[in-house]
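Undergrad: could you work out the structure for the sequence below:
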Amino acid sequence: MQMTSAIDSFLDAVHFEYGYSEHTVRAYRRDLHDFARFAGRGDPDTATIADCDLELMRNWLWDRQQRGLAPSTLARNVATLKSFGGWLEARRLVPGNPASRLRSPKAPRELPRVLADEHVERILDRAARRAEDGDPARIRDLAVLELLYATALRVSELCTLPLTGLDRRERTVRVLGKGSKERIVPLGAPAARAVEHYLHAARPSLAARAEGAERAELFLGNRGGPLRANAVYRLVSHELESEPGGGPRGPHTLRHTAATHLLNGGADLRVVQEMLGHSSLSSTQVYTHVSAERLAESYRQAHPRA
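TA: All right, here's what the predicted structure looks like:
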């Protein structure tokens, strides 16, 4: 069996059967297509699953390491191969998982970028002033920023959030997260007001620009279709350019910021875990490290005998 055919079947399975996110499927596709090219010495169509053994996988990872890829990327590559190998074994296309003995490199854990309270306030104040001119796109952008910070949603969750997922009376959103896991997340009064204003003053105008049936998504793009993730990235990146500090400038920074601010304010770690949709508490615990770093820095600056 051609390796490319097996890869296509595997990607269909993880997407449609296992319910993996679009982001995860894209990462798997990118990794496995590169692996197939390596296996076929530049021509992926010549590679077969019979070539897919432990030695080939190790050689591919070694090649990527020599090309300077980060340990975190290599760790993801190993995870991709393990998933693919496990699928091949489950379908009895190979006698055993050829990736079972692979070991992931330990990547140094970097603390996420977190904005200070005043920086978030400035971002939201700027967006609110821009929205005062009544432009539907600017009113929508304010609602997007408010909701991202209020709920700590992933950008994919925000862009696919349906109108029916918003409970305006209870001030909650029902989110379908990774692995098709559903959760209900509350939102504060400022975000609720911004979304309400968007629904009355902006969404009908945006929807009128589209051809065909009304869209089910809460947030619409400038042409009336669903709001795309890259548009949200551009919006948040533009805002973060004006704020001090280095590091990532994508929507995930607002997610990190919201989680850290919740913990700084005394929220229980498991409550934050549920709000973020983390399957493992260890994924949420990184924000306690951020809080500890901020506490240590404040101590060093303020205590006379620090």
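Undergrad: ranges for the helices of the chain?
TA: With DSSP state H applied, the chain shows helices at 3-12, 22-39, 54-66, 71-90, 117-131, 136-151, 155-160, 189-201, 203-207, 229-241, 252-264, 269-276, 281-302, listed in chain order.
Undergrad: and N97, which of these is closest to it?
TA: Using CB to CB as the measure, helix 71-90 is the one of those that comes nearest N97, at 4.0 Å. Glycine gets a C-beta too; all of them are placed from N, C-alpha and C.
Undergrad: name the residues of the closest one that are buried.
TA: Judged by neighbour count (16 or more other CB atoms under 10 Å), helix 71-90 contains these buried residues: 73-74, 76-89.
Undergrad: looking at those, spot the one nearest P251.
TA: The closest of these, once distances to P251 are taken by CB to CB, is R76, at 20.1 Å.
Undergrad: count of neighbours near the closest residue to the closest one other than its chain neighbours?
TA: Spatial nearest neighbour of R76, chain neighbours left out: A27 (6.4 Å); criterion: CB to CB, 6 or more residues apart in numbering. Neighbouring residues of A27 were enumerated by other CB atoms under 10 Å; the total is 17.
Undergrad: repeat for E182
TA: Burial measure for E182: 10 neighbouring residues, criterion other CB under 10 Å.
Undergrad: next: the one 5 residues further on.
TA: Other residues near L187 number 21, with proximity taken as other CB under 10 Å.
Undergrad: and H303, what's its pLDDT?
TA: At H303 the predicted local confidence, pLDDT, stands at 49.
Undergrad: ok, now E121?
TA: Reading off the confidence values, E121 has pLDDT 95.
Undergrad: how close does it get to R138?
TA: If you measure E121 against R138 using CB to CB, to the nearest Å, the figure is 18 Å.
Undergrad: my read: S180 touches G19, true?
TA: Yes: in this structure S180 lies within contact range of G19 using CB atoms under 8 Å: 3.9 Å.
Undergrad: of the two, which one has the most company?
TA: For S180 and G19, the more surrounded residue by other CB under 10 Å is G19, and the numbers stand at 13 against 10.
Undergrad: unless I'm mixing things up, that one is touching E182, no?
TA: No: under the criterion of CB under 8 Å, G19 lies out of contact with E182, with a separation of 11.4 Å.
Undergrad: pull the helix or strand with minimum mean pLDDT from the protein.
TA: With mean pLDDT, DSSP states H and E as the measure, the helix or strand of the chain carrying the lowest mean pLDDT is helix 281-302 (a mean of 62).
Undergrad: list the contacts of stretch 62-82.
TA: With contact meaning CB atoms under 8 Å, 6 or more residues apart in numbering, stretch 62-82 is reached by 27-28, 31-32, 34-35, 38, 57, 60-61, 97, 99-100, 102-108.
Undergrad: let's go with 6 Å and repeat that
TA: Applying CB atoms under 6 Å, 6 or more residues apart in numbering, the external contacts of stretch 62-82 come out as Y28, D31, M57, A99, L102, S104, P105, A107.
Undergrad: tell me the one of these nearest S242?
TA: S242 has its nearest neighbour among those in A107, at 30.6 Å by CB to CB.
Undergrad: what about the stretch 201-306 of the chain, any weak spots by pLDDT?
TA: Scanning the stretch 201-306 of the chain for pLDDT under 70 picks out 246-247, 288-306.
Undergrad: kindly report the same for the stretch 51-200 of the chain.
TA: Counting by pLDDT under 70, the stretch 51-200 of the chain has low-confidence residues at 107-111.
Undergrad: one more pass at 90, please.
TA: Screening the stretch 51-200 of the chain residue by residue with the criterion pLDDT under 90, one finds the ranges 51, 65-72, 103-114, 116, 176-182.
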